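# I would like to see how this sequence folds:
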Amino acid sequence: MSGAFLRYRIMAWVTGVVLAVAFVWLIVGRLFLDYGNPDARPAFYGYLWIAHGWLYFLYLIAGVDLAFRVRYSVVRTLLILVAGTIPFASFFAEAAVHKDLRGRGQLDA
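Take a look at the predicted model:
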């Protein structure tokens, strides 16, 4: 179980960090840097959103793998998977999964 959780944990953090950076950059760009104008946006800004898309795909795979192994309900699985699309939510989802698995005794101390 620890291997599936470790893969999920890594993907939750990587996806969450990339999404958080992109989201903060989006807010700052719209408010202060005229990112409403496509010519004002740097290329890296677009690459960051593309990276999040691919990382989210890997997050989905890791999340479904973990959910099948733990036998989570469909609703709980969907909540975990949707957390990768909401800024900062993947951090909270990962912490909740970690707490749940420790409570079940499926993770080492």
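
# separation between the residue positioned nearest the centre of the chain and Pro38?
Against the mean C-alpha coordinate of the chain, by Cα atoms, centre = their mean, the closest residue is Gly84 at 3.3 Å. The gap separating Gly84 from Pro38 is 26 Å, by Cβ to Cβ, to the nearest Å. To be clear about C-beta, it is placed using only N, CA and C from the backbone, and glycine gets the same treatment.

# low-confidence ranges in this structure?
1, 109 (pLDDT under 70).

# Beyond the strand or helix carrying Val28, next helix or strand please.
Secondary structure assigned from DSSP states H and E places Val28 in helix 2-32. Using DSSP H and E, the helix or strand that follows helix 2-32 in sequence is helix 43-70.

# Pull out the buried positions in the following helix or strand past that next one.
Using DSSP H and E, the helix or strand that follows helix 43-70 in sequence is helix 74-82. By neighbour count on 16 or more other Cβ atoms under 10 Å, the buried set for helix 74-82 is Arg76, Thr77, Ile80, Leu81.

# gap between the first one and Leu55?
The spacing between Arg76 and Leu55, counted by Cβ to Cβ, is 22 Å.

# on that earlier part again, would you list the phi and psi of the residue nearest to the centre of the chain?
Per-residue torsions, Gly84: phi -80, psi -10 (degrees, to the nearest 10).

# Quick one: residues in contact with stretch 42-50.
Val18, Val21, Ala22, Trp25, Gly29, Tyr35 (Cβ atoms under 8 Å, 6 or more residues apart in numbering).

# how about 7 Å then?
Val18, Val21, Ala22, Trp25 (Cβ atoms under 7 Å, 6 or more residues apart in numbering).

# Check stretch 93-109 too.
In contact with stretch 93-109 (Cβ under 7 Å, 6+ apart) are residues Met1, Ser2, Phe5, Tyr8, Arg9, Ala12, Trp13, Val70, Ile80, Ala83.
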